[in-house]
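A.B. asks: here is my input, please return the structure:
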Amino acid sequence: MVSVASRWVSLSDRERAFEGLFESEYSRVTAIAYRVLGNASESEDVAQDVFCQFYRLHPPDAPYARSWLYRAATHRALNLIRSNKRRAGRESTVALEHQVTAGAGSREMDPSLKVERSESERELREAMSRLSRKSAAVLALRYGGLSYAEVADALGVRIGQVGTLLRRAEHALRREMNHGTSI
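C.D. replies: Modelled structure (predicted):
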């Protein structure tokens with residue numbers, strides 16, 4: 001029979017372990033989501049959702065914790081882009097523009113450069129949303145700062161496959177970007 005006190009101790013041990021995981025991986029998970037979304041507040045929301053889901057489903061000391069979090073952040077961010085795109089289509093309005101969070105990048109930029117940069121980022125996100133999940137994930141993870149080994153672990157592939165997947169994904173992205181601008 002398990003005493004109530006021992007259940008509380010194990011719960012607090014789990015919470016401490018999860019807190020350690022959260023503190024060590026939050027910034028990277030947020031950075032991965034930001035690389036896909038280009039929006040700090042949406043990236044933080046994605047990271048929070050991913051950590052909450054992980055907490056509900058997995059032990060914090062699982063050996064796959066980091067790779068699961070990275071992969072989940074990538075997929076959740078890509079799904080958010082697709083969802084935003086569908087909503088914008090349903091509402092028959094102009095696509096949602098990149099929202100700059102207050103304080104971030106407060107340096108003044110020429111308005112025409114801001115518009116051009118915003119348009120380029122929007123086109124990139126739209127092109128990413130048209131890629132296969134694996135291609136979009138490998139790009140987001142690698143350009144989000146993960147090493148080849150970490151990308152391989154997050155995607156569940158051999159490290160030797162990452163370079164090939166990355167080159168193919170970059171080629172597909174270039175093709176999508178050219179397709180989107182050649183109309």
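A.B. asks: rest of the way, CA atoms for contacts and neighbours
C.D. replies: Fine.
A.B. asks: how close does the residue nearest the centre of the chain sit to S112?
C.D. replies: By Cα atoms, centre = their mean, the mean C-alpha position of the chain lies nearest to A33, the distance being 2.6 Å. Between A33 and S112 the distance, using Cα to Cα, to the nearest Å, works out to 27 Å.
A.B. asks: next structured bit after whichever strand or helix holds L78?
C.D. replies: Per DSSP states H and E: L78 is located in helix 65-91. Per DSSP H and E, the first helix or strand lying C-terminal to helix 65-91 is helix 111-130.
A.B. asks: got the angle for the longest helix anywhere in the chain vs helix 65-91?
C.D. replies: Scanning the chain for the longest helix, with DSSP state H as the assignment, gives helix 4-37. Counting by axes from the mean of the first three to the mean of the last three Cα atoms, to 10 degrees, helix 4-37 lies at 50 degrees to helix 65-91.
A.B. asks: in the next helix or strand after helix 4-37, what's buried?
C.D. replies: Next helix or strand after helix 4-37 toward the C-terminus (DSSP H and E): helix 40-57. By 16 or more other Cα atoms under 10 Å, the buried positions in helix 40-57 come out as 40, 42-44, 46-48, 50-51, 54.
A.B. asks: could you do stretch 155-174 as well?
C.D. replies: For stretch 155-174, burial by neighbour count (16+ other Cα under 10 Å) applies to 155, 159, 162, 165-166, 169-170, 172-173.
A.B. asks: just the ones in strands from those, please.
C.D. replies: Of these, none are assigned to strands by DSSP state E.
A.B. asks: state the pair within the residues you listed that is farthest apart.
C.D. replies: Using Cα to Cα, the two most remote members of the buried residues of stretch 155-174 are I159 and L173, lying 21.4 Å apart.
A.B. asks: how many neighbours does L113 have?
C.D. replies: For L113, the neighbour count with other Cα atoms under 10 Å is 10.
A.B. asks: go on, A65?
C.D. replies: Around A65 there are 16 residues (other Cα under 10 Å).
A.B. asks: contacts only, for it.
C.D. replies: If you count contacts by Cα atoms under 8 Å, 6 or more residues apart in numbering, A65 has none.
A.B. asks: and if you look at the one 5 residues further on?
C.D. replies: Taking Cα under 8 Å, 6+ apart, we find Y70 in contact with 29, 32, 141, 154.
A.B. asks: try it again at 7 Å.
C.D. replies: Residues in contact with Y70, defined by Cα atoms under 7 Å, 6 or more residues apart in numbering, are 29, 154.
A.B. asks: same deal with the one 3 residues further on?
C.D. replies: Under the criterion of Cα under 7 Å, 6+ apart, the neighbours of A73 are 29, 32-33, 46-47, 50.
A.B. asks: next: R142.
C.D. replies: Contact analysis of R142 by Cα under 7 Å, 6+ apart lists V151.
A.B. asks: right, I'll call it a day here.
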